[in-house]
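S.K.: build me a model from this:
(chains A and B)
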Number of protein chains: 2
Amino acid sequence: MKTFSEKLANSTDSAKSLVCIGLDPDLTKMPINDVFAFNQSIIDSTADLVCAYKPNFAFYEALGIDGLVALERTVNYIKDQSPHVVIIGDCKRGDIGPSSVAYATSMFQVWGFDAVTINAWGGKDTVEAFISDDKYGAFIWCRGSNPGSSDLQDLIIESEGRNKPLYEHLATISTNWGQGNLGLVVGATVPEQLRVVRALCPDSPILIPGIGAQGGDLEASVLYGVNAHGRSAIISSSRGILYASSGTDYPIAAREKTLQLKSEINAILEESDKGWP
Amino acid sequence: MKTFSEKLANSTDSAKSLVCIGLDPDLTKMPINDVFAFNQSIIDSTADLVCAYKPNFAFYEALGIDGLVALERTVNYIKDQSPHVVIIGDCKRGDIGPSSVAYATSMFQVWGFDAVTINAWGGKDTVEAFISDDKYGAFIWCRGSNPGSSDLQDLIIESEGRNKPLYEHLATISTNWGQGNLGLVVGATVPEQLRVVRALCPDSPILIPGIGAQGGDLEASVLYGVNAHGRSAIISSSRGILYASSGTDYPIAAREKTLQLKSEINAILEESDKGWP
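M.R.: Numbers count the residues shown, from 1 in each chain, chains lettered A, B, ... in the order given. Just a heads-up that it's a prediction; the model follows:
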């Protein structure tokens, strides 16, 4: 079995794509009323264009046990139909050591995700629980795309004789905890912070949500987000793709939006000589 | 319908107890193999002695959908049998605004919790989603009981011309976000930090886990944790009560441990003239 970083490299290269689709079901926006059937159509129409899918637990949990059963079916469907595609459980979990171990068991062994987003508030033992097996990856929520992100993440701390924002310190210490299978989440709406994080973590995968509906900067996200080889960035769009059409043609509209995003990203990579052969 | 702070005051006063039991099922320690039946026995034998139950999602999620169904039945059982007892979903959730709103919908509307633990990494909009309705409460994970807690929570930041640890800053700003239904989580293993947080947040409820198996300091937790009236602290023990006996007498053993904890706490309150009439 591959390590997480091998699986990510493989899924990126096979699709020649840094695109991730956030599978965030919203019954008020979905053209049909069945979460699994909706996800299935989106997956069928986009699986050859993406390196990853990222279901956000919040939207499934809001639908109760039925929502979680739909998520379980979705994960199994991706694994059956497109086993090379990375599946990231966007769960932002994190707790003290033994509880983090239980969450990691849930996310990797029970749900079957390849990677998860985590919250590092509990420090090293919170994080270690999720990266102790290199077959699985974790992305620390480092600098968010929401207005409230600055309340804690941008606070200035002193470290090694230098003042720096907290998110920057977190990015730095994350490289002591892990690298190949420990990455970071940085919003596409904050490109300067993304540039700083990539400079501090040259070898870490970076998950970049907020493209599309949230108005993130695509060119900056690609240029600042990728590693020296133009890889290891996962650029995620949710609403902009899922709800591209409110009609029954939504799978076609989603495919067009995904193709467009993939092409735009690859053109930016080409221009900086980091495209695919 | 009562506000969360009224419900907490009522549950505390009816049981004359600050004790909360953490319902954290661990199949390797449980004398029986059925999570709901285990919880049911614990609840039957302790409901008159506690102000709150606190199931930790990590342990249910580790059991997959079946675990979540057992949790759903547990929450419904408490609401049926002991509707005055507060139920805290220990989920440490938190995400950017719209996702936090979805998590809050899940926890309060779908699961039916009275309160939840949350992670404030995303700042004000993360937190606001959970406290916009005063019928429900939220406890920000402020200073944890695990070794890794110091990695971020104790970093020194400058605020209003003064250097202070990050957890202290978080406690301070939390009082701008909310008070009656916004509380904090501070581990029983760090009594000095608990004293600081209570001084900064005189009117906020404080949830204090880590009594029992984690070795927290009970006397300090009570003296430093309560408000000026000797209330508004929730002192939580999990393993020490649940697994007090590995035999079939576990409900009796759990009751004895709970009674003992309640009595010890109440004796400490009495000595400082804050006991119950």
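S.K.: got the buried residues for stretch A:74-82?
M.R.: Burial within stretch A:74-82, assessed by neighbour count using 16 or more other C-beta atoms under 10 Å in any protein chain shown, is assigned to A:74-75, A:77-78, A:82. Using the backbone N, CA and C atoms, a C-beta is placed for each residue, glycine as well.
S.K.: now, those residues that are in helices?
M.R.: With DSSP state H as the criterion, helices contain A:74-75, A:77-78 from among the buried residues of stretch A:74-82.
S.K.: what helices or strands is the helix or strand hosting residue A:138 leaning on?
M.R.: With secondary structure defined by DSSP states H and E, residue A:138 is part of strand A:137-143. With contacts taken as 3 or more C-beta pairs under 8 Å, 6 or more residues apart in numbering or on different chains; DSSP states H and E, strand A:137-143 sits against helix A:4-15, strand A:115-118, helix A:124-131, helix A:149-153, helix A:166-177, strand A:182-186, helix A:191-200.
S.K.: try 6 Å
M.R.: For strand A:137-143, the packing partners by 3 or more C-beta pairs under 6 Å, 6 or more residues apart in numbering or on different chains; DSSP states H and E come out as strand A:115-118, helix A:166-177, strand A:182-186.
S.K.: what is the nearest of the buried residues of stretch A:74-82 to chain B?
M.R.: The shortest distance between chain B and any of these, using C-beta to the nearest C-beta, involves residue A:75 and amounts to 11.7 Å.
S.K.: now the closest one, nearest residue through space, not along the chain?
M.R.: Of all residues beyond its chain neighbours, the one nearest residue A:75 is residue A:112 (5.5 Å), with distances taken as C-beta to C-beta, 6 or more residues apart in numbering or on different chains.
S.K.: measure that neighbour to residue B:165 for me?
M.R.: With the distance defined as C-beta to C-beta, to the nearest Å, residue A:112 ends up 39 Å from residue B:165.
S.K.: list the residues that contact the closest residue to chain B within the stretch 151-277 of chain A.
M.R.: Closest contact between the stretch 151-277 of chain A and chain B, by C-beta to the nearest C-beta, is at residue A:151 (3.0 Å). Neighbour list for residue A:151: B:123-124 [criterion: C-beta atoms under 6 Å, 6 or more residues apart in numbering or on different chains].
S.K.: mind running it again at 8 Å?
M.R.: With contact set as C-beta atoms under 8 Å, 6 or more residues apart in numbering or on different chains, residue A:151 has these partners: B:120, B:123-124, B:173.
S.K.: for residue B:123, see how far away the spatially closest residue to residue A:114 that is not a sequence neighbour is.
M.R.: Setting aside the residues directly before and after it, residue A:114 is nearest to residue A:86 in space (C-beta to C-beta, 6+ apart), at 4.8 Å. For residue A:86, the distance to residue B:123 (C-beta to C-beta) stands at 29 Å.
S.K.: take the helices and strands packed on strand A:137-143 and lay them out in a markdown table including mean neighbour count, mean pLDDT and distance to chain B.
M.R.: Putting these into a markdown table (neighbours: other C-beta atoms under 10 Å in any protein chain shown; pLDDT from 0 to 100; distance: least, C-beta to the nearest C-beta, whole Å) gives the following:
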| stretch | mean neighbour count | mean pLDDT | distance to chain B |
| --- | --- | --- | --- |
| strand A:115-118 | 28 | 98 | 9 |
| helix A:166-177 | 20 | 97 | 7 |
| strand A:182-186 | 29 | 98 | 10 |
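S.K.: kindly reformat those as TSV containing distance to residue B:215.
M.R.: Output for the helices and strands packed on strand A:137-143, formatted as TSV (distance: least, C-beta to C-beta, whole Å):
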stretch	distance to residue B:215
strand A:115-118	26
helix A:166-177	26
strand A:182-186	30
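S.K.: around residue A:215, count how many other residues there are.
M.R.: Using other C-beta atoms under 10 Å in any protein chain shown, the number of residues around residue A:215 comes to 11.
S.K.: what pLDDT does residue A:63 get?
M.R.: Residue A:63 carries a pLDDT value of 97.
S.K.: what sits against the residue nearest to residue A:75?
M.R.: Each residue near residue A:112 by C-beta under 8 Å, 6+ apart is listed here: A:75-76, A:79, A:87.
S.K.: just give me the closest of those residues to residue B:47.
M.R.: In terms of C-beta to C-beta, no member of the contacts of residue A:112 lies closer to residue B:47 than residue A:75, at 37.3 Å.
S.K.: isn't the closest one right next to residue A:85, touching?
M.R.: No. The pair residue A:75 / residue A:85 is not scored as a contact, 11.0 Å apart, by C-beta atoms under 8 Å.
S.K.: okay, the top helix by length along chain A in CSV with CA atoms only?
M.R.: The helix spanning the most residues in chain A, taking DSSP H as the definition, is helix A:250-271. Extracted C-alpha coordinates of helix A:250-271, given in CSV (Å, rounded to 0.1, in the frame of the first residue of the first chain):
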residue,chain,number,x,y,z
TYR,A,250,-26.1,20.0,-13.0
PRO,A,251,-23.6,17.1,-13.7
ILE,A,252,-22.7,18.6,-17.1
ALA,A,253,-22.4,22.1,-15.6
ALA,A,254,-20.2,20.7,-12.8
ARG,A,255,-18.0,19.0,-15.3
GLU,A,256,-17.6,22.2,-17.4
LYS,A,257,-16.7,24.2,-14.3
THR,A,258,-14.2,21.6,-13.2
LEU,A,259,-12.6,21.4,-16.6
GLN,A,260,-12.4,25.2,-16.7
LEU,A,261,-10.7,25.3,-13.3
LYS,A,262,-8.3,22.5,-14.2
SER,A,263,-7.4,24.3,-17.5
GLU,A,264,-6.8,27.6,-15.8
ILE,A,265,-4.6,26.1,-13.1
ASN,A,266,-2.6,24.1,-15.7
ALA,A,267,-2.1,27.2,-17.9
ILE,A,268,-0.7,29.0,-14.8
LEU,A,269,1.6,26.0,-14.2
GLU,A,270,2.7,25.9,-17.8
GLU,A,271,3.6,29.6,-17.8
